[in-house]
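**Q** My questions are about this predicted structure, shown below with the sequence.
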Amino acid sequence: MPKPPALRLLEGNAGRRPLNLADGVNPKIEIPAPPKHLSREGRKEWKRITPLLEELGLVSGLDRTALALYCQAAGRLAELEEAFNGKVNRLMEERNLDYPEAVYQASHAVTPSGYAQQSVMVQLIKNHREQVNRYLQHFGLSPAARGRVSPSNYVQPTLPGIDAAPQAPTGFAAFAVVGGP
């Protein structure tokens with residue numbers, strides 16, 4: 001896999017070939033509108049994380065779906081964790097259990113044949129933690145992933161031999177008569 005040009009520049013560009021530091025897509029840095037289907041906790045995460053991503057140059061309008069997936073998973077994880085903690089607290093109060101025993105009982109269920117197995121809630125928490133971790137890596141929000149992402153510098157490269165589109169006249173110039181007297 002080829003190294004990104006910025007990494008080659010940092011390492012010294014041993015090949016002495018010209019580097020194009022504007023390689024790749026550099027979309028406009030902007031916060032997309034949140035989708036309506038986000039849960040309450042998902043919307044809270046959207047409001048928390050998007051200004052940080054914008055400040056780092058790591059979010060654009062193209063990222064709406066990926067960001068929504070992350071926020072929804074993070075919101076569901078928060079809801080599951082709250083439900084689990086509520087169950088632990090109820091067990092401590094109703095059955096007069098100490099904390100470790102209440103956590104164990106909330107984490108396990110007994111099958112009809114008498115075997116202990118991990119509860120569905122704990123399985124869901126585990127799955128959502130894994131999902132959130134994967135999404136965090138996509139946005140460079142984990143310590144290991146920070147080195148693999150680069151912010152958008154929003155410099156759109158031009159194609160050689162193609163001139164930029166002429167700008168439409170503004171103000172009173174828009175009323176000028178073409179080829180007039």
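**A** That came through fine.

**Q** Show me what the lengthiest helix in the chain is packed up against.
**A** Longest helix of the chain, by residue count under DSSP state H: helix 64-94. In terms of contacts (3 or more Cβ pairs under 8 Å, 6 or more residues apart in numbering; DSSP states H and E), helix 64-94 is packed against helix 40-56, helix 99-107, helix 120-138. Where you see a C-beta, it was placed from the backbone N, CA and C, and this is true even at glycine.

**Q** Please identify the buried residues of that helix?
**A** Going by neighbour count (16 or more other Cβ atoms under 10 Å), the buried part of helix 64-94 is 67-80, 84, 87-88, 91-92.

**Q** Now mean pLDDT and distance to R148 too, for the helices and strands packed on helix 64-94, in CSV please.
**A** Shown next, in CSV, are these (pLDDT from 0 to 100; distance: least, Cβ to Cβ, whole Å):
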stretch, mean pLDDT, distance to R148
helix 40-56, 94, 14
helix 99-107, 96, 34
helix 120-138, 95, 8
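
**Q** Mean neighbour count for these - can I get that in TSV?
**A** Formatted as TSV, these follow (neighbours: other Cβ atoms under 10 Å):
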stretch	mean neighbour count
helix 40-56	16
helix 99-107	16
helix 120-138	16
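
**Q** can you tell me which of these comes nearest to A145?
**A** helix 120-138 (4.2 Å; Cβ to Cβ).

**Q** Direction-wise, compare the closest one with helix 40-56 and give the angle.
**A** Between helix 120-138 and helix 40-56, the angle comes out at 20 degrees (axes from the mean of the first three to the mean of the last three Cα atoms, to 10 degrees).

**Q** So which elements touch helix 120-138?
**A** Using 3+ Cβ pairs under 8 Å, 6+ apart, helix 120-138 sits against helix 64-94, helix 99-107.

**Q** Of all these, which one is nearest K36?
**A** That would be helix 64-94 among those, by Cβ to Cβ, at 10.1 Å.

**Q** what angle do the closest one and helix 120-138 make?
**A** 150 degrees.

**Q** where does helix 64-94 sit relative to the chain's centre, distance-wise?
**A** The chain centre lies 18 Å from the centre of helix 64-94; the measure is Cα atoms, centre = their mean, to the nearest Å.

**Q** Then stretch 126-141?
**A** 8 Å.

**Q** who touches that stretch?
**A** Here stretch 126-141 makes contact (Cβ atoms under 8 Å, 6 or more residues apart in numbering) with 49, 53, 56, 58-59, 63, 66-67, 69-70, 73-74, 76-77, 80, 142, 144-146, 148-149.
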